[in-house]
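Visitor: Kindly generate the corresponding structure for this input.
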Amino acid sequence: MKNNRQLTHKEHQPSKNKFPLRIVADNITKPGNVGSLFRLCDAMGIEKLYLCGDTAIPPNAKINKTSRSTEKHVDYEHHSNTEDLVTKLKSAGYLIASLEITTTSIAINSPSFVDALDDNQPVCLILGSENTGVNQALLNLSDITTHIPMHGNNSSMNVISAASIACYEITRRYK
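Guide: Numbers count the residues shown, from 1 in each chain. The predicted structure is shown next:
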């Protein structure tokens, strides 16, 4: 297409809409991943980001560089006790969904996962550590556990790649 061109940053009109989706980042220790998470939350219209446990927090030069200043636009909080936070969110009516391959997890692209989501219920998506995933205490608090189908030899992917897929799958039901 002849007249097709990339928009400049000034031409981009950001949406003020936020989806009723919150992310709990538990023990994500690599600042680059946290910065990418801020960028994802900004791009996807995520309602709130919780940085929990040993998760790297701003101000941090690597977070700032990777986030491209989106930490200034994303509503976030730091919590030292992830289980307490998730319990409060559950009491507030959030569906607690952990992103992890487990013995009972449901593929995120399956009709079973979509059916488990109520259009009127907000969702809290739990992301676990880069090295150990979502811990057992958080899995026990979860209403549902979902995974991204893996077709290669590896059983996991980068936390930000996985979070991006999950956020897309969850938010597209709100459109």
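Visitor: for residue 75, what are its contacts?
Guide: 47, 48, 49 (C-beta atoms under 8 Å, 6 or more residues apart in numbering). C-betas here are computed from N, CA, C, even on glycine.
Visitor: ugh, wrong one, I meant residue 100
Guide: With C-beta under 8 Å, 6+ apart, residue 100 has these contacts: 128, 133, 134, 139, 145, 147.
Visitor: which of the contacts of residue 75 has the most neighbours?
Guide: residue 49 (24 neighbours; other C-beta atoms under 10 Å).
Visitor: Leaving out the residues flanking it, which one is nearest to that residue?
Guide: Spatial nearest neighbour of residue 49, excluding adjacent residues (C-beta to C-beta, 6 or more residues apart in numbering): residue 76 at 4.2 Å.
Visitor: distance of that neighbour from residue 42?
Guide: Using C-beta to C-beta, to the nearest Å, we find residue 76 at a distance of 11 Å from residue 42.
Visitor: on that earlier part again, format the contacts of residue 75 as JSON lines; extra columns: distance to residue 117 and secondary structure.
Guide: Formatted as JSON lines, the contacts of residue 75 follow (distance: C-beta to C-beta, whole Å; DSSP: H, G, I helix; E, B strand; the rest coil):
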{"residue": "47", "distance to residue 117": "15", "secondary structure": "strand"}
{"residue": "48", "distance to residue 117": "18", "secondary structure": "strand"}
{"residue": "49", "distance to residue 117": "20", "secondary structure": "strand"}
